[in-house]
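Engineer: here's a sequence, model it:
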Amino acid sequence: MHRALPVAFAGLLAALAAAPAAHALSGEQAVAALNAQRAASGIPAAIAHVAQWSGWCAQHNAYMRANGGELTHEETPGAPGYTPEGAQAAASSVLARGSWNAGNPWETAPIHLHQLLAPRLDAMGVEDAAGYVCATTRRVRRQARCATRCCAAAG
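Structural biologist: Reported below is the predicted structural model:
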């Protein structure tokens, strides 16, 4: 009977290893999930998905995987996987391990969650792949509108 337990355990491990990994959400799907969470909380839910920024996050996620797997907000020129776009994403994003499949990966990270739920956030890119999630939190559209209004008011 004692030998049956290790065999059964080995069979369970083999079954788990053969099971397909959960499919990560696309950037557009992750932004839609965040918009739904914001709407449910009474926060403006009109964040636009910027595919270019999601691509930059993909480059940064690849950089982190190629350089030991540590979450980092910097990229070192010349290091494996370095790209200027990935470095931009690193500097303007929130990072997490895991996936949006289990819900908002920053739900237990109050400072990052605050960035994602801030009413002023209106555009972002997201990459959710291979256990890394990068979400840009750059704001450009609202700043441009404000600058235009301020200039119009001053003129």
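
Engineer: wait, isn't N101 in contact with A30?
Structural biologist: No - with contact defined as Cβ atoms under 8 Å, N101 does not reach A30; the gap is 9.8 Å. Heads up, the C-betas are built off the backbone N, CA and C, glycines and all.

Engineer: more neighbours, these two?
Structural biologist: A30 (25 against 15; other Cβ atoms under 10 Å).

Engineer: before we move on, which element is the more buried one in?
Structural biologist: Here A30, judged by DSSP states H and E, is contained in helix 27-40.

Engineer: other SSEs contacting that helix?
Structural biologist: strand 48-49, helix 51-66, helix 110-117, strand 126-129 (3 or more Cβ pairs under 8 Å, 6 or more residues apart in numbering; DSSP states H and E).

Engineer: most tightly packed of those?
Structural biologist: Among the helices and strands packed on helix 27-40, strand 126-129 has the highest mean neighbour count (mean count of other Cβ atoms under 10 Å), at a mean of 25.

Engineer: circling back: shared neighbours, N101 and A30?
Structural biologist: D128 (Cβ atoms under 8 Å, 6 or more residues apart in numbering).

Engineer: centre of the chain to the helix holding A30, how far?
Structural biologist: Relative to its parent chain, helix 27-40 has a centroid offset of 12 Å by Cα atoms, centre = their mean, to the nearest Å.

Engineer: what mean pLDDT does it get?
Structural biologist: Helix 27-40 comes out with an average pLDDT of 96.

Engineer: quick check: buried residues in that helix?
Structural biologist: Buried residues in helix 27-40, defined by neighbour count with 16 or more other Cβ atoms under 10 Å: G27, Q29, A30, V31, A32, A33, L34, N35, Q37, R38.

Engineer: can I get these in a markdown table with distance to H114?
Structural biologist: As requested, these are exported to a markdown table (distance: Cβ to Cβ, whole Å):
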| residue | distance to H114 |
| --- | --- |
| G27 | 21 |
| Q29 | 22 |
| A30 | 18 |
| V31 | 17 |
| A32 | 20 |
| A33 | 17 |
| L34 | 13 |
| N35 | 17 |
| Q37 | 13 |
| R38 | 12 |
